[in-house]
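*Asks:* what's the 3D shape of this:
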Amino acid sequence: MNRSDVYLALAAEGLAGGELRERAAREEERLRLWRSWYEGDVPRFHSYRVYNGQKRVLCRRAGLGMAKTVCEDWANLLLNERVRIRADGKREQRFLDRVLEDNGFFPAANRLQERKAALGTAAYVPRVTAGKLRIDCLDAEGIFPLSWENEQITDCAFAAGTRAGGRNLLYVQAHRRVGGLYEIENLLFAVTDTGLERLPLTAEADFAAVPDRVRTGSAERSFVIDRLNIVNNLDPGSPLGLSVFANALDQLRGVDVAYDSYVNEFILGKKRIMVKPEATKDFDGAPLFDADELAFYILPEDSGNTSIIREIDMTLRTEEHHAGIEDMLNLLSMKCGLGERRYRFEREGVKTATEVISEQSSLYRSVHRHELLLESALKELGRILLRMGTAFCGETLDEKTGITVDFDDSIFEDSGRDFERACRMLELGVLTKEEFRQRWLGTVGR
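*Replies:* I've put the predicted structure just below:
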C-alpha cells in the first residue's frame, strides 16, 4: 500500500488536499527504512558485495536484530500485563473492563506498543459492530492525517488491507469535522496495478452492512493517536511520531558490523590441514581421506617444498570482538533511551540487564517521559468508550467520570530494600501487623 496512492484516492473523494501527497512520499521513505531495520533486513546493508580481486561477491551480513529487541523492551516497559485503566464510577469500571477484555485489549496493545516504538505512531479506533464495541489497533502505516493543529491530529483517515472475492481490498475510515461535529466516512477500494479503484461497500458481503457515513453528533474525536514522546527532528512539521531508533541508525549498523565481523572471524579462522597429493593415498592407491571432509585441502601438484601435511590454525580475536560488540550495544542502548548498559553480550547471546534500576537512572526518566503521552492516550480511549457505550450500546455511563492509569513501576523498585524498610517501620510502630500482612502477605490478621 503506497501512501501517496491512498492520499490520491482520498483527494478524489474530496477528503484530502493535494499537498498531502508530497508529505506522504517523505513519510513513506522513512517508514520503509524503519520497518526494514525492525525486520532485520535493510537493503544494501544486510545484502552487499565485496570485491575479492577477481569479481564482486554477493555477501549476507549477519545481524543481531537489535531494532526489534529495543522495540520489544519498550513495549514491555510501557504497557505490560500490570497496567490498568481505572474509572471512578463502578458502572463505568465494569463497562470498561468488559469491553477491554472482549477485545483482548492489553495483549493487542502491547504488540501495538512494539510497532509504535518501531514506526513512531499508533492509533486506537473504536467502532460499533453488531451492537458491540470493537477497538482497531493500527500502526503508522495505516494512519493518514488529514488536518492537525500543533501536532494534534484533528481529522484523520485509517486504512487496513484485506482480501475478499479473490482480490486485494483497502478499507478506509475517514474521521472529519463537519460543522464542528465529527462524521465518519467508510470507503472501500480495490487495489490494482495502477492504484486504488473505488468500490461501493455493497460490493463485498463483509462490508454490505457498513453505512457510508456515520454522524457521531459529537465535537470530540472518536480515535486516539499515540506517539512516543520524542521531538520529530527529521520532519518538524509532521504530526506523526518518530521511531525510537530513528536517531540511532548508525549504532544499529555498528552492532551488526561488529557481530558480522565476529561471525566471519570463525568462518575465516576455521582450522585447515594442507595436504600434498602424494599423501592422500596409501601404497595400494586407496584414498586416505574422505573426499567430502572440509578440514583437508589438497594442494596442487607443483606446490614446491611445502610440507607433506601442514596444519593452519588461525588465532581467533574473540576478546576484541566481544569488547567491540559490548561497546556498540552500550551506544545503541543509550541512544534509544534505555540507559548505557541495558544489554550484555555473553556466551548465551544478548541479555537484558536485570539489576535494580534507581530512580535517578536515564531509563527511569525515559519511561516516565513516554508515559506522559501514553497516559493521556489511554485516558482519552476510556472516555471515548464510555461515550460510545451510551450512544450506541444502550448503556447509561458518565464519560466525565475520573479515569486513571496505573503503570507498572516494579522494575524500578527494590523489593528487598522495601521489605527491610517495612520491617523497621513495624518495629518502630509506624506500621501495624495488619498493615504489614496486607502489604507483604496479601492477608489481614485478626
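*Asks:* Helices of the chain, start to end?
*Replies:* Secondary structure of the chain, counting by DSSP state H: helices at 3-12, 19-39, 66-78, 90-102, 105-119, 249-268, 318-335, 362-392, 415-428, 433-440.
*Asks:* Off-centre distance for stretch 58-72?
*Replies:* On the basis of Cα atoms, centre = their mean, to the nearest Å, stretch 58-72 sits 14 Å off its chain's mean C-alpha point.
*Asks:* Please point out which parts of that stretch sit buried.
*Replies:* Buried residues in stretch 58-72, defined by neighbour count with 16 or more other Cβ atoms under 10 Å: Arg61, Gly63, Leu64, Gly65, Met66, Ala67, Lys68, Thr69, Val70, Cys71, Glu72. (Each C-beta comes from the backbone N, C-alpha and C, glycine too.)
*Asks:* what number of residues lie near the residue nearest to the fifth one when sequence neighbours are not counted?
*Replies:* With Cβ to Cβ, 6 or more residues apart in numbering as the measure, Val255 is the residue that lies nearest to Met66, at 5.3 Å, once sequence neighbours are left out. When neighbours are defined as other Cβ atoms under 10 Å, Val255 has 25 of them.
*Asks:* Next, the contact list for Leu33, please.
*Replies:* Leu33 is in contact with Val42, Leu249, counting by Cβ atoms under 8 Å, 6 or more residues apart in numbering.
*Asks:* ok, back up a step: can I get the helices of the chain in TSV with distance to Thr194 and mean pLDDT?
*Replies:* What follows is those, written out as TSV (distance: least, Cβ to Cβ, whole Å; pLDDT from 0 to 100):
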stretch	distance to Thr194	mean pLDDT
helix 3-12	9	90
helix 19-39	16	92
helix 66-78	34	96
helix 90-102	40	95
helix 105-119	27	97
helix 249-268	34	90
helix 318-335	41	90
helix 362-392	37	94
helix 415-428	61	76
helix 433-440	66	74
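*Asks:* Ok, which of those comes nearest Arg163?
*Replies:* For these, the distance to Arg163 is smallest for helix 3-12, at 17.2 Å, taking Cβ to Cβ.
*Asks:* ok, residues contacting the closest one?
*Replies:* Helix 3-12 is contacted by residues 16-18, 20-21, 24-25, 27-28, 31, 141, 144, 146, 157, 159, 170, 172, 174, 187, 189, 195-196, 198 when judged by Cβ under 8 Å, 6+ apart.
*Asks:* how far does stretch 179-189 sit from the chain's center?
*Replies:* Mean-position distance between stretch 179-189 and its chain equals 29 Å (Cα atoms, centre = their mean).
*Asks:* same thing with stretch 2-10?
*Replies:* Stretch 2-10 has its C-alpha centroid displaced from the chain centroid by 24 Å (Cα atoms, centre = their mean).
*Asks:* So which bits of it are buried?
*Replies:* Judged by neighbour count using 16+ other Cβ under 10 Å, the buried positions of stretch 2-10 are Arg3, Ser4, Asp5, Val6, Tyr7, Leu8, Ala9, Leu10.
*Asks:* again with stretch 223-239
*Replies:* The neighbour-count check on stretch 223-239 (16+ other Cβ under 10 Å) flags Phe223, Val224, Ile225, Asp226, Arg227, Leu228, Ile230, Asn232, Ser238, Pro239 as buried.
*Asks:* what does it rub up against?
*Replies:* Stretch 223-239 is contacted by residues 23, 26-27, 30, 74, 116-117, 120-126, 143, 145, 148, 151-153, 156, 158, 175, 240-244, 246-247, 369-370, 372-374, 377, 380-381, 384 when judged by Cβ under 8 Å, 6+ apart.
*Asks:* distance between the ends of it?
*Replies:* End-to-end span of stretch 223-239 (Cα to Cα, to the nearest Å): 15 Å.
*Asks:* Wait, Thr216 touches Gly180, no?
*Replies:* No. Between Thr216 and Gly180 there is no contact under Cβ atoms under 8 Å: 11.5 Å.
*Asks:* Among these two, which residue is more densely surrounded?
*Replies:* Neighbours were counted for Thr216 and for Gly180 using other Cβ under 10 Å; Thr216 has more, 17 against 7.
*Asks:* Leaving out chain neighbours, which residue sits closest to that one?
*Replies:* Using Cβ to Cβ, 6+ apart and skipping the chain neighbours, the partner closest in space to Thr216 is Tyr182 (4.6 Å).
*Asks:* how far is stretch 257-272 from where the chain is centred?
*Replies:* Relative to the mean C-alpha coordinate of its chain, stretch 257-272 is positioned 30 Å out (Cα atoms, centre = their mean).
*Asks:* Now do the buried residues in that stretch.
*Replies:* Those would be Val257, Ala258, Tyr259, Asp260, Ser261, Tyr262, Glu265, for stretch 257-272 by 16+ other Cβ under 10 Å.
*Asks:* Repeat that for stretch 39-47.
*Replies:* By neighbour count on 16+ other Cβ under 10 Å, the buried set for stretch 39-47 is Gly40, Val42, Phe45, His46.
*Asks:* Quick check on the closest residue to the first one other than its chain neighbours: phi, psi?
*Replies:* Pointing back at Gly40 there. Leaving aside its sequence neighbours, Gly40 sits nearest to Gly65 (Cβ to Cβ, 6+ apart; 4.2 Å). Here is the backbone geometry of Gly65 (degrees, to the nearest 10): phi 60, psi 40.
*Asks:* Quick check: Gly65 touching Asp41?
*Replies:* No. Here Gly65 does not reach Asp41: they are 9.6 Å apart, not a contact under Cβ under 8 Å.
*Asks:* circling back: tabulate the helices of the chain in CSV, adding columns for distance to Glu204.
*Replies:* Rendered in CSV, the data for the helices of the chain read as follows (distance: least, Cβ to Cβ, whole Å):
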stretch, distance to Glu204
helix 3-12, 17
helix 19-39, 26
helix 66-78, 33
helix 90-102, 25
helix 105-119, 25
helix 249-268, 41
helix 318-335, 45
helix 362-392, 23
helix 415-428, 54
helix 433-440, 56
